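Asks: Quick check, what structure comes out for this input:
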Amino acid sequence: DHKVRMLSLANAFTDEDIKNFIKKIKNFLNLNEKYEIKFSAEPKIDGISAALHYKNGFFYLGLSRGDGKTGEEITTNLKTISNIPHNLKGKSIPNEIEIRGEVYITKNDFKKISDRFANPRNAASGTLKIQNSAIVSKRGLDCILYHLISDPMVTDNHYMNLQKANSWGFNIPEHIQ
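Replies: You can find the predicted model right below:
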């Protein structure tokens, strides 16, 4: 079971989508219409969400999103992804932290196996389910961080949390504002 439910990310393509998103947040939180909400914007990578659990800086458990409440244990396969650190390096690393990221396959790596999968997302998902981690390691999977969870939180600012995690060795979105 996930300690904190893993929800799906939403897309926004137009100004109207953004306005509706903000309106829903204000309604849900019962905020005044004039209340200013600040948020980070980053590209949505289409892959498979994964929860990476670290204790004392050591990666010990990896779960798929599953149904959002319960995920599948995929630690061994996640450890084959070169940009997922096995040991965190740096300062101010919480004793226990969960890093949520998106596992995906690049277009170039997908071309090599496109005869077996309908699209890159299916390739990433199918690859993570393979029982042979040696095969998984050759598929060219990558992971990009989109969220971290700790108690207490590292900071109360999503953007700064991503920057901090980047200093520990995680890839974060290149285009983030």
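
Asks: contacting residues for the residue most central in space within the chain?
Replies: Residue closest to the average C-alpha location in the chain (Cα atoms, centre = their mean): G101, at 1.5 Å. Contact partners of G101, counting by Cβ atoms under 8 Å, 6 or more residues apart in numbering, are S49, A50, L52, I84, C143, I144, L145, Y146, F170, N171. (Glycine included, C-beta is placed from N, CA and C.)

Asks: any idea how far it lies from K164?
Replies: Distance, G101 to K164, using Cβ to Cβ, to the nearest Å: 15 Å.

Asks: now the closest residue to Y54 other than its chain neighbours: how far from T155?
Replies: Distance criterion Cβ to Cβ, 6 or more residues apart in numbering; nearest residue to Y54, sequence neighbours excluded, is I97 at 5.1 Å. For I97, the distance to T155 equals 13 Å [Cβ to Cβ].

Asks: where do the strands sit along this protein?
Replies: 48-55, 58-64, 96-105, 141-149 (DSSP state E).

Asks: and those as JSON lines, adding mean pLDDT and distance to N77?
Replies: JSON lines is the format used below for the strands of the chain (pLDDT from 0 to 100; distance: least, Cβ to Cβ, whole Å):
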{"stretch": "strand 48-55", "mean pLDDT": "95", "distance to N77": "9"}
{"stretch": "strand 58-64", "mean pLDDT": "96", "distance to N77": "8"}
{"stretch": "strand 96-105", "mean pLDDT": "94", "distance to N77": "9"}
{"stretch": "strand 141-149", "mean pLDDT": "92", "distance to N77": "8"}
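
Asks: Could you export the ones you listed as JSON lines, including distance to G126?
Replies: Below are those laid out as JSON lines (distance: least, Cβ to Cβ, whole Å):
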{"stretch": "strand 48-55", "distance to G126": "10"}
{"stretch": "strand 58-64", "distance to G126": "12"}
{"stretch": "strand 96-105", "distance to G126": "10"}
{"stretch": "strand 141-149", "distance to G126": "11"}
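
Asks: Hmm, I149 and the residue nearest to Y54 touching each other?
Replies: Yes: using Cβ atoms under 8 Å, I97 makes contact with I149 at a distance of 7.0 Å.

Asks: More neighbours: which of the two?
Replies: Between I97 and I149, counting by other Cβ atoms under 10 Å, I97 is the more crowded of the two (21 against 18).

Asks: Now stretch 108-118: average pLDDT?
Replies: In this model, stretch 108-118 has an average pLDDT of 91.

Asks: buried sites along it?
Replies: For stretch 108-118, the neighbour count (16 or more other Cβ atoms under 10 Å) marks D109, F110, I113, F117 as buried.
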